[in-house]
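Enquirer: Need a 3D model of the following:
(2 chains)
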Amino acid sequence: AQSVSQHNHHVILSEAASLELGCNYSYGGTVNLFWYVQYPGQHLQLLLKYFSGDPLVKGIKGFEAEFIKSKFSFNLRKPSVQWSDTAEYFCAVKYNNAGNMLTFGGGTRLMVKP
Amino acid sequence: DSGVTQTPKHLITATGQRVTLRCSPRSGDLSVYWYQQSLDQGLQFLIQYYNGEERAKGNILERFSAQQFPDLHSELNLSSLELGDSALYFCASSPGPSDTQYFGPGTRLTVL
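Expert: Okay, here's the model as predicted:
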């Protein structure tokens, strides 16, 4: 079965620290990749997406992610986090042979201490 | 604000009951998706509609059904509710059947 893994369930950082959240997915042919963020009490918002082309993708709020095909990974990074980045982050994969449904990872809760 | 609206925001009901959750997609979007977010199962895809037709089905229970109306809004019907159905139900929409999905604020269902 197709699956997405986010190995870090909880991450605590101080402001200005660098962030990297891991995301790995199981093989399933060509994929589109997404990172969504869920701020406390709010809905899922799209941070960035990868469909094709440059494997280094830049998103909103200073986030970026790198698609490494050989490692089936799509890690999210931010050079310097802010308190306002406290949220839950979800990696999602669309397997192109399985329609447009998104398969989500379990999420990573990020807490940034001021 | 993604432009996807969901009502109600919160719903509290009893086991065995039936409820209807409503979703209005972003203006111009023809495709609607339903997802369930629970503590034990995480975020799971339930079903997709495109322009009124069912397009894809995920792990949706037989007690659950959905439809998309001619005005493109969608309803998710949950019947014979069980405690384990308590969850956040998200609707998402996209312009076409294979485009990026934008999520609504969710409906929090509590079954007592």
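
Enquirer: gap between residue A:8 and residue A:22?
Expert: Residue A:8 sits 6 Å away from residue A:22, taking CB to CB, to the nearest Å as the criterion. C-beta: built from backbone N, CA, C; applies to glycine.

Enquirer: And the strands in the chain, which stretches?
Expert: In the absence of a named chain, this looks at chain A. If you assign secondary structure with DSSP state E, the strands in chain A sit at A:4-5, A:10-14, A:19-21, A:24-25, A:31-38, A:44-50, A:56-58, A:64-68, A:73-78, A:87-95, A:103-104, A:108-113.

Enquirer: other chain: chain B
Expert: Ranges of strands in chain B, per DSSP E, are B:5-7, B:10-13, B:19-24, B:31-38, B:42-50, B:53-57, B:64-68, B:74-78, B:87-94, B:102-103, B:107-111.

Enquirer: so what does the shortest one touch, helix or strand wise?
Expert: By that I understand strand B:102-103. For strand B:102-103, the packing partners by 3 or more CB pairs under 8 Å, 6 or more residues apart in numbering or on different chains; DSSP states H and E come out as strand A:44-50, strand B:87-94.

Enquirer: just for chain A, where's the confidence low?
Expert: Low-confidence regions of chain A, defined here as pLDDT under 70, do not occur.

Enquirer: and chain B, which residues reach chain A?
Expert: Proximity of chain B to chain A is assessed by CB under 8 Å from any CB of the partner chain, with B:2, B:4, B:31, B:33, B:35, B:42-45, B:48, B:55-56, B:58, B:90, B:92, B:94, B:97-106 identified as the residues in range.

Enquirer: 7 Å - rerun?
Expert: Proximity of chain B to chain A is assessed by CB under 7 Å from any CB of the partner chain, with B:2, B:42-43, B:45, B:48, B:55-56, B:58, B:90, B:97-98, B:100-106 identified as the residues in range.

Enquirer: which of the residues you listed count as buried?
Expert: By neighbour count, with 16 or more other CB atoms under 10 Å in any protein chain shown, those hold B:2, B:42-43, B:45, B:48, B:55-56, B:58, B:90, B:97, B:100-106 as buried.

Enquirer: Would you mind reformatting the strands of chain B (as a markdown table) and adding columns for distance to residue A:66 while you're at it?
Expert: Compiled in a markdown table, the strands of chain B are given as follows (distance: least, CB to CB, whole Å):
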| stretch | distance to residue A:66 |
| --- | --- |
| strand B:5-7 | 33 |
| strand B:10-13 | 39 |
| strand B:19-24 | 34 |
| strand B:31-38 | 26 |
| strand B:42-50 | 23 |
| strand B:53-57 | 29 |
| strand B:64-68 | 36 |
| strand B:74-78 | 35 |
| strand B:87-94 | 25 |
| strand B:102-103 | 24 |
| strand B:107-111 | 35 |
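
Enquirer: Is it possible to get CSV of those strands that adds mean pLDDT?
Expert: Rendered in CSV, the data for those read as follows (pLDDT from 0 to 100):
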stretch, mean pLDDT
strand B:5-7, 97
strand B:10-13, 97
strand B:19-24, 98
strand B:31-38, 95
strand B:42-50, 94
strand B:53-57, 93
strand B:64-68, 97
strand B:74-78, 98
strand B:87-94, 96
strand B:102-103, 94
strand B:107-111, 96
